[in-house]
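[1] here is my input, please return the structure:
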Amino acid sequence: MGCRLIPFFALSPLLAAVPLGIAQRAVDELGQLAATRVPLGQRQSIAHDPVFQDQLGTVLARLGALRAYLLDSADTLWHSALTGAVPPQVQASTSMVAAEAIETALAAVQFAHRAGGTSSIRNPSVLTRCLNDVLAASRHAVFRPTARRNAARALLGLPLD
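    Numbering: from 1, shown residues only. The predicted structure is shown next:
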């Protein structure tokens, strides 16, 4: 049996999982740091700050929603591939989830880095490493800026850019 090439879009769920994992690591690190980080001029750690709590809750919800979207997209892609053909709508959805993954992960890591304060910029810093890693991941072709637009164009039946 010969070797079959895997279409590029089929790798999107695998690649999209990378920045989500990085973002989760940054949020986990921030969770540990939040208990001890007391901003200048404040008496309590950021863990007690209601604004921080709200922002962290938003980040966690977005990461969870995207993780569910990614898993659903990967499952749909897999089941379509088993039939022998992946419809353009499934290809487009797979590209959209990858584009959204990098944006959501980048926002989460940037939030964690900012909330970490000066702890984030000291060497070695897990938060800085996460920021650098997610920025590096964002340069991959699967996360190109046109991915989401092309996916939407495909769903609308329009030619791709």
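[2] longest helix of the chain?
    Taking DSSP state H as the criterion, the chain has its longest helix at helix 50-83.
[3] what residues sit buried inside that helix?
    Within helix 50-83, the residues scored as buried using 16 or more other Cβ atoms under 10 Å are 52, 56, 59, 62-63, 66-67, 69-70, 73-74, 76-77, 80. Using the backbone N, CA and C atoms, a C-beta is placed for each residue, glycine as well.
[4] dump the residue contacts of residue 104.
    Each residue near residue 104 by Cβ atoms under 8 Å, 6 or more residues apart in numbering is listed here: 20, 23, 62-63, 66.
[5] can you tell me how far it is from residue 21?
    Look at residue 104 and residue 21: by Cβ to Cβ, to the nearest Å, they are 12 Å apart.
[6] and residue 37, which of the three is it?
    coil (DSSP: H, G, I helix; E, B strand; the rest coil).
[7] show me what contacts the nearest residue to it once chain neighbours are set aside?
    Closest residue to residue 37 apart from its sequence neighbours, by Cβ to Cβ, 6 or more residues apart in numbering: residue 46 at 5.2 Å. Counting by Cβ under 8 Å, 6+ apart, residue 46 touches 34, 37-39, 52, 115.
[8] can you dump the C-alpha atoms of stretch 58-72 in CSV for me?
    Presented in CSV, the C-alpha positions along stretch 58-72 are these (Å, rounded to 0.1, in the frame of the first residue of the first chain):
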residue,chain,number,x,y,z
THR,A,58,-13.2,35.3,31.2
VAL,A,59,-9.9,33.8,30.1
LEU,A,60,-10.8,30.4,31.6
ALA,A,61,-14.2,30.4,29.9
ARG,A,62,-12.7,31.3,26.5
LEU,A,63,-10.0,28.6,26.8
GLY,A,64,-12.6,26.0,27.8
ALA,A,65,-15.0,27.0,25.0
LEU,A,66,-12.2,26.9,22.4
ARG,A,67,-11.0,23.6,23.7
ALA,A,68,-14.6,22.2,23.2
TYR,A,69,-14.8,23.8,19.7
LEU,A,70,-11.4,22.3,18.8
LEU,A,71,-12.4,18.8,20.0
ASP,A,72,-15.7,19.0,18.1
